[in-house]
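> What follows is a predicted structure for the sequence shown.
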Amino acid sequence: MSKYSIQTISENFKMTAFGVLLEDYNDWSGNVAKTAAKKAEITENGKLADLLKLADDQEYQINYVIDGKGWRGFGVMGAFEVEGAVVLDFLAGDYLVVPGTGADKNRLYDEITGKVFGNLLQEITDCKYVGPGNFILVKANENSTFYGEMWLRVEKVTG
């Protein structure tokens, strides 16, 4: 499996999600705990299931910047008016797509995020991450493992 590819998305799009503000980008364990608590809350109260029914049933973990602060949540492609959810704008352009596989769906989100922000973005010299957000989708494979991809909007670096 290659480390990454570049895919072009031709039109702006929206995602709708439930999430939490992250006060400190560098508090990895605290942010993981906040995210896990939000995921448990929206799973237990049925809000995530209701949101998934409105879309294509594909769940995404979304990282975004809202009012200058980090935000992480779970949601779907498309704009939906749902109490407590936010609608996020994603721009057309080139996206860095980073794949990963693993046996634990929830751990795979963190593994891919760690791979991307831990070292991969520093290794890539032909493009830079420009945000304002990124998202990860994870799907089950037939052999009881999971396949995931993180998508980050990038711009090509010239000169």
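All right, it came through fine.
> Output the contacting helices and strands for the longest helix seen in the chain.
For the chain, the longest helix by residue count, based on DSSP state H, is helix 28-44. Judged by 3 or more CB pairs under 8 Å, 6 or more residues apart in numbering; DSSP states H and E, the packing partners of helix 28-44 are strand 13-22, helix 47-54, strand 69-77, helix 105-115. The C-beta positions use only the backbone N, C-alpha and C, and glycine is treated the same way.
> Contacts for it next, please.
Residues from elsewhere that reach helix 28-44, judged by CB atoms under 8 Å, 6 or more residues apart in numbering: 18-20, 22, 24-25, 48-49, 61, 70, 72-74, 106, 110.
> tell me the most buried of the helices and strands packed on helix 28-44?
strand 69-77 (a mean of 21; mean count of other CB atoms under 10 Å).
> the inter-axis angle of that one versus helix 105-115?
Taking axes from the mean of the first three to the mean of the last three CA atoms, to 10 degrees, one finds strand 69-77 and helix 105-115 inclined to each other by 130 degrees.
> Direction included, what does the helix or strand following strand 69-77 pair against?
Following strand 69-77 in sequence order, the next helix or strand is strand 86-90 (DSSP states H and E). Strand 86-90 sits in its sheet next to strand 13-22 (antiparallel), going by DSSP bridges.
> so how far is the partner strand from its chain's centroid?
9 Å (CA atoms, centre = their mean, to the nearest Å).
> got the CA coordinates for it in PDB?
Extracted in PDB, the C-alpha atoms of strand 13-22 (Å, rounded to 0.1, in the frame of the first residue of the first chain):
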ATOM      1  CA  PHE A  13     -18.900  20.100  -0.300                       C
ATOM      2  CA  LYS A  14     -20.400  20.100   3.200                       C
ATOM      3  CA  MET A  15     -20.300  17.700   6.100                       C
ATOM      4  CA  THR A  16     -22.600  17.600   9.100                       C
ATOM      5  CA  ALA A  17     -21.300  16.400  12.400                       C
ATOM      6  CA  PHE A  18     -21.400  16.300  16.200                       C
ATOM      7  CA  GLY A  19     -18.100  17.200  17.900                       C
ATOM      8  CA  VAL A  20     -16.100  18.900  20.600                       C
ATOM      9  CA  LEU A  21     -13.700  21.800  20.800                       C
ATOM     10  CA  LEU A  22     -10.100  20.900  21.700                       C
END
